[in-house]
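Chemist: Sequence and computational prediction follow.
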Amino acid sequence: MAYSDNQAGQVSERFLNRPTYRSATGTTDTLVTSDVDAIINYSNVAAVTVTVPIATTFVAPVGTVITLISTGAGGVTVNRSGSDTINGGTTGVAVATTTAKRLMKVSETSGVSAWLLY
């Protein structure tokens, strides 16, 4: 099946820039560059800890959005690394079971990233 959005059969940018999907089944996960603008489903029945690496090792431009989905019974906690912050703080932020949250990089200054989990 070809995807097109006009009668000439031309494919628009909206079909070419679809996010990737990754399923994570373990109890720990560290985000990697290929997760930029991705959707990640966490399905473990135990609690899952997701780590956002420091800005110097995790290349993600400001405006990056990563969608985290918690479908496992244990829920997900997102932790930052180094001096980075999530929602202005330095402690982990929880993602409740059966919900989806978006993690957005809102700034980077001198190798320190600020992330917003909403």
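Modeler: That came in fine, so what should we check first?

Chemist: and Asn79, what does it touch?
Modeler: If you count contacts by C-beta atoms under 8 Å, 6 or more residues apart in numbering, Asn79 has them with 49-52, 86, 92. Just so you know, the C-beta spots here come from the backbone N, C-alpha and C atoms, and that holds for glycine as well.

Chemist: out of those, which are inside strands?
Modeler: If you go by DSSP state E, those have 49-51, 86 in strands.

Chemist: Give me the nearest residue to Asp35, chain neighbours excluded.
Modeler: Closest residue in space to Asp35, ignoring its immediate chain neighbours: Ile66 at 5.6 Å, by C-beta to C-beta, 6 or more residues apart in numbering.

Chemist: Okay, and the beta partners of that neighbour?
Modeler: Judged by DSSP bridges, the bridge partners of Ile66 are Leu103.

Chemist: One more: Thr51?
Modeler: Thr30, Asn79.

Chemist: Asp29 is in contact with that one, correct?
Modeler: Yes. Applying C-beta atoms under 8 Å, one finds Thr51 in contact with Asp29, separated by 7.3 Å.

Chemist: So for these two, which residue has more residues nearby?
Modeler: Between Thr51 and Asp29, Asp29 has the larger neighbour count (other C-beta atoms under 10 Å), namely 20 against 16.

Chemist: Might you report the residue contacts of that one?
Modeler: Residues near Asp29 by C-beta under 8 Å, 6+ apart: 40, 42, 48-51.
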